[in-house]
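what shape does this take:
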Amino acid sequence: MAHDGTAGGDTAGGGAAGGGRPGGRAESFDLVVESSAPASAVFALLADGAGWASWAGPLVPRSRWYRTGKSAPGGVGAIRELGLRPILSREEILEYVPPRRIVYTIVSGIPVDGYRGTVDLDPLPGGGTRITWRANFVPTYPGTGPALRLLGVTIVRSIARHLARAAVTHAPAPASGPGTEG
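This next block holds a predicted model:
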């Protein structure tokens, strides 16, 4: 199950907020998508920067590690490279908390300053995972904030939906316990 929008407690909101650097206007957005997959399956896909092209849809035709992390390939300090030139983004992992959270920043490829994306994975009652994706940034060029926010929401919504669906097909089968037949 994957759904998002504004109904049923899911959000695709956010908006411009004051702040940022002098003369800049900070932009932000929040998206919520639910998956019937466990958080561990969602996290495994999210943390595998080299594998994004296999599940993230047409907006990510290529993915690879530009640099791997210290504690894990996708851990703190890792830089994933997504897309193709001329639209090629490099994103550095700032926080890596399996299977609950990844925080990243865009270091090149998108005309924004101070981009901070946070993806939180929370278990849902009865199973599944709530994927909450938040981002905030200041546009590099004045006046481009609303367009960059719309672009960001569109891209992240697509990626989050693909992530929710892909995690279901990549989730490990439940382990057989004592007394079960397999």
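
what's around Ile131, how many residues?
Residues lying near Ile131 (other C-beta atoms under 10 Å) number 26. For glycine as for every other residue, the C-beta is placed from the backbone atoms N, C-alpha and C.

now swap in Val32 and tell me
22.

from Gly57, how far off is it?
Using C-beta to C-beta, to the nearest Å, Val32 is found at 18 Å from Gly57.

show me where this structure has its helices.
Here the chain has its helices, by DSSP state H, at 39-47, 145-170.

can you give me the buried ones in the first one?
What that stands for is helix 39-47. Using 16 or more other C-beta atoms under 10 Å as the test for burial, helix 39-47 gives 39, 41-47.

can you check the last one too?
Neighbour counts over helix 145-170 (16+ other C-beta under 10 Å) mark 145, 148-149, 152-153, 155-157, 159-168, 170 as buried.

just how off-centre is it within its chain?
7 Å (C-alpha atoms, centre = their mean, to the nearest Å).

likewise for stretch 96-103?
Mean-position distance between stretch 96-103 and its chain equals 11 Å (C-alpha atoms, centre = their mean).

could you export that stretch as PDB, CA atoms only?
C-alpha atoms of stretch 96-103 as PDB (Å, rounded to 0.1, in the frame of the first residue of the first chain):
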ATOM      1  CA  TYR A  96      22.300   7.600   9.400                       C
ATOM      2  CA  VAL A  97      20.100   5.900  12.000                       C
ATOM      3  CA  PRO A  98      19.000   2.400  10.800                       C
ATOM      4  CA  PRO A  99      16.100   1.700  10.300                       C
ATOM      5  CA  ARG A 100      14.600   5.000  11.400                       C
ATOM      6  CA  ARG A 101      16.200   8.100   9.800                       C
ATOM      7  CA  ILE A 102      18.400   9.500   7.100                       C
ATOM      8  CA  VAL A 103      19.300  13.200   6.900                       C
END
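
surely Ala50 touches Arg80?
Yes. Ala50 lies in contact with Arg80 (C-beta atoms under 8 Å); the separation is 7.5 Å.
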